[in-house]
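Undergrad: here is a sequence with its predicted model. Questions after.
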Amino acid sequence: MSSDTKATYGIRDQQKFFYLTQGKVGENIRDDALNFPRLDGSLEILGFSEEQRQIIYKTLATILHLGNMYFRQRRNAEDEAEYVEVSNDVELKWASYLLDVDMFSFAPCFTHKIIKTDEGVSKTAFSMGQALDARDALAMTLYEVVFSWILNRISLHLKCSDHNAVISVIDYYGVERYINNGLEQLLINSVNEKLENAFLKQTFLDEMADYTEEGLTFEWKTLLACKGSQPHHESFGICEIYIDWHFYSKYFVLIHKRGPGIPRIMPASLDNEKVLDLLCKKPYGLLYLIDDECKFPKASDESYLRHCNLNHLDKNVYGKAKNKERLQMSVRHSFGSTWYTVHGFVQRNKRALPGNVVKILADSQNTVISMLFRPLAGTKEGNDYVVYAGQQFNTASTALVEKIVSSQSHFVRCVRSNNERIPARLDETSLARQLKALSIIETLHFRQAGFPVRIPFERFARNYRCLLPSDIALCQKQKEIIVDILDGQGVKFADDYQIGL
């Protein structure tokens, strides 16, 4: 971004902005000055006009200025009542200018709760904490609505008229486990559990249901030893033609679609249903409990933890800290046990944007900002726009999983070569832990024991009937041709294929 453009938006050095100095900004060194023209050019290719790109940059600049707004405590001389006011008008002016709203109408949104009723206007002063919450809620909501708008614009630009020719690519956070884990890690790991569950069902259960329907005998030697148990055999029934070129040449012909009523059994070592219920099941899942807690006037992290312990201490996938003073709980995820510190859960889960802020932004002279905030204004003036992070993540992840399950999905399992992100370095311990957590070994042995490549009767007979004398092939039915072809290969390969019904 040029110096003139920065001056237009009031942008200064990175270290001057509060929001940019709260995390590990310098952890991954990047040259943003070189990358910005590429970003701008990419947005142009995706159909964003010059005006639309400027709106994106103005909104991001607004968020930075909001983060630099701070407040001071005041006391009313008449009744000694305390109130807060914006201390630095410069940042308030920049935010108002970039959002195209009136500054004098905008400022009270951060210092007072204003509710309009039939009887008149009710005005209550914010505390310092409430003022900061209102500021941060607006910053997060601005980022959220503009980000969604960008995604929708890109989807519209790339939209395909043929709904059967659509490819959706989902790139999501990996598992997050740190020394101190908070609400963000719980939400991200909960979505990972849902995606893992979808992967397990499609990779194992759906496959085994196909085998069962086709009446084939399937013996899967699961490597439960790597999970801490002794190996054992699981047998299922089957019916199709598969080939696994990487391990053995196993044949098996598919002639039927899977029907209802097929038993669906998941080996205990791969089943994450219990932890998924702990996290997401109504009404006492951890994500539902935090949403419920936030709806009470006297909500607290301590109260939330008490409700979690009350509902889940009898479960082997949940645990509490031995020291009662520590606000912690543990969840035994499919990738390992993780401790979560619930301090700040209630505050971070609920985002309440004052209704007067939404109304002012819906009336902004900036057409895009006005368009984005108009749906949030609601039906009654003065009502807050409230978002619960747990509910938001749960709803979005459920819709995502439903789309995955209803589509022909392919999963790419990604692993890091080392935690330090150093090129050409392989950490075997870290790699082994990731392979175990992602069920890679079980997947490989399941594929090895099963029949991942399937050939329909008709195609197999058409492609290989030349192996039989022509006079015999002409007089036989499809399945008879297949049996004769495979029998003709000798007993050496008799155990490498099965034929469906």
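TA: Nice, thanks for sending it over.

Undergrad: buried set for stretch 53-68?
TA: The neighbour-count check on stretch 53-68 (16 or more other Cβ atoms under 10 Å) flags 55-59, 61-68 as buried. Bear in mind the C-beta positions are built from the backbone N, C-alpha and C, glycine included.

Undergrad: mean confidence for that stretch?
TA: For stretch 53-68, mean pLDDT is 96.

Undergrad: tell me where this structure has strands.
TA: With DSSP state E as the criterion, the chain has strands at 71-75, 82-86, 112-117, 120-125, 218-222, 232-236, 251-252, 318-320, 328-333, 336-341, 350-353, 385-388, 497-498.

Undergrad: and the residue nearest the centre of the chain, how far from V317?
TA: Residue closest to the mean C-alpha point of the chain, counted by Cα atoms, centre = their mean, is V191 at 5.0 Å. V191 sits at a distance of 17 Å from V317 (criterion: Cβ to Cβ, to the nearest Å).

Undergrad: run a quick neighbour tally on the residue lying closest to T203 once chain neighbours are set aside.
TA: Closest residue to T203 apart from its sequence neighbours, by Cβ to Cβ, 6 or more residues apart in numbering: T443 at 6.1 Å. A count of nearby residues for T443, using other Cβ atoms under 10 Å, gives 18.

Undergrad: then A461?
TA: 21.

Undergrad: and the pLDDT at the residue nearest to T203?
TA: pLDDT recorded at T443 is 85.

Undergrad: A473 now?
TA: Listed pLDDT for A473 reads 68.

Undergrad: the one 3 residues further on too?
TA: Each residue has a pLDDT score; the one for Q476 is 81.

Undergrad: identify the residues contacting the closest residue in space to it that isn't next to it in sequence.
TA: Closest residue to Q476 apart from its sequence neighbours, by Cβ to Cβ, 6+ apart: D484 at 7.0 Å. Contacts here follow Cβ atoms under 8 Å, 6 or more residues apart in numbering; on that basis D484 touches L468, I472, Q476.

Undergrad: distance of D484 from S406?
TA: 40 Å.

Undergrad: and for E214?
TA: 23 Å.

Undergrad: who's more crowded, those two?
TA: E214 (25 against 8).

Undergrad: off-centre distance for stretch 488-501?
TA: On the basis of Cα atoms, centre = their mean, to the nearest Å, stretch 488-501 sits 44 Å off its chain's mean C-alpha point.

Undergrad: repeat that for stretch 121-133.
TA: 33 Å.

Undergrad: now do stretch 166-184
TA: Here stretch 166-184 is found 6 Å from its chain centre; the criterion is Cα atoms, centre = their mean.

Undergrad: so what would you say the end-to-end distance of it is?
TA: 31 Å (Cα to Cα, to the nearest Å).

Undergrad: run through the stretch 201-350 of the chain and note the low-pLDDT ranges.
TA: Across the stretch 201-350 of the chain, residues meeting the criterion (pLDDT under 70) sit at 219-269.

Undergrad: let me see the ranges of the helices in it.
TA: Secondary structure of the stretch 201-350 of the chain (DSSP state H, counting those that start in this stretch): helices located at 206-214, 273-280, 286-294, 301-312, 345-349.

Undergrad: mind checking which of those is nearest R74?
TA: R74 lies closest to helix 345-349 among those, at 24.0 Å (Cβ to Cβ).

Undergrad: tell me which other helices or strands the closest one touches.
TA: Packing partners of helix 345-349 (3 or more Cβ pairs under 8 Å, 6 or more residues apart in numbering; DSSP states H and E): helix 183-200, helix 286-294, helix 301-312, helix 389-405.

Undergrad: for those, which one ends up most surrounded?
TA: Comparing these by mean neighbour count (mean count of other Cβ atoms under 10 Å), helix 286-294 comes out on top with a mean of 22.

Undergrad: circling back to that earlier point, closest to E119 out of the helices and strands packed on helix 345-349?
TA: helix 286-294 (28.8 Å).

Undergrad: identify the residues contacting that closest one?
TA: For helix 286-294, contacts defined as Cβ under 8 Å, 6+ apart pick out 183, 186-187, 190, 278-283, 299-300, 303-304, 307-308, 311-312, 331, 345-346, 349-350, 388, 390-391, 393-394.

Undergrad: longest helix of this protein?
TA: Taking DSSP state H as the criterion, the chain has its longest helix at helix 128-157.

Undergrad: who touches A352 in this structure?
TA: When contacts are counted by Cβ under 8 Å, 6+ apart, A352 touches D133, A134, A137, D384, Y385, V386, V387.

Undergrad: could I have the PyMOL command that selects the buried members from those?
TA: To isolate the buried ones among the contacts of A352 in PyMOL, judged by 16+ other Cβ under 10 Å, type:
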select buried, resi 133+134+137+384+385+387
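
Undergrad: among the contacts of A352, show me the least confident.
TA: The lowest pLDDT within the contacts of A352 belongs to D384, with 83.

Undergrad: spit out the contact partners of it.
TA: D384 sits next to A352, L353, P354, G355 when contact means Cβ under 8 Å, 6+ apart.

Undergrad: repeat that for 6 Å
TA: By Cβ atoms under 6 Å, 6 or more residues apart in numbering, the residues touching D384 are A352, P354, G355.

Undergrad: so the second one versus C109, what's the distance?
TA: Translated: P354. In this view, P354 and C109 are 6 Å apart by Cβ to Cβ.

Undergrad: and if you look at A299?
TA: For A299 relative to C109 (Cβ to Cβ), the value is 23 Å.

Undergrad: which of these two has more neighbours?
TA: Between A299 and C109, counting by other Cβ under 10 Å, C109 is the more crowded of the two (24 against 18).

Undergrad: does that one touch N356 like I think?
TA: Yes: A contact is recorded between C109 and N356 when judged using Cβ atoms under 6 Å, the distance being 5.3 Å.

Undergrad: picking that back up, can you put the contacts of A352 in TSV and add distance to S439?
TA: Output for these, formatted as TSV (distance: Cβ to Cβ, whole Å):
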residue	distance to S439
D133	41
A134	45
A137	39
D384	43
Y385	41
V386	38
V387	34
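
Undergrad: which parts of the stretch 351-500 of the chain are helices?
TA: 355-362, 367-373, 389-405, 428-437, 440-449, 457-464, 470-475, 478-487.

Undergrad: quick one: closest of those to N76.
TA: N76 lies closest to helix 355-362 among those, at 21.0 Å (Cβ to Cβ).

Undergrad: got the angle for the closest one vs helix 128-157?
TA: Using axes from the mean of the first three to the mean of the last three Cα atoms, to 10 degrees, one finds that helix 355-362 and helix 128-157 are set 40 degrees apart in direction.

Undergrad: counting by contacts, list what helix 355-362 packs against.
TA: In terms of contacts (3 or more Cβ pairs under 6 Å, 6 or more residues apart in numbering; DSSP states H and E), helix 355-362 is packed against helix 367-373.

Undergrad: mind doing that once more with 8 Å?
TA: For helix 355-362, the packing partners by 3+ Cβ pairs under 8 Å, 6+ apart come out as helix 103-106, strand 112-117, helix 367-373.

Undergrad: pLDDT of the first one, averaged?
TA: Confidence over helix 103-106, taken as the mean pLDDT, stands at 93.

Undergrad: which residues touch stretch 77-94?
TA: Outside of stretch 77-94, the residues within contact range by Cβ under 8 Å, 6+ apart are 9-10, 61-62, 65-66, 68-76, 103, 106-107, 110-112, 125-128, 131.
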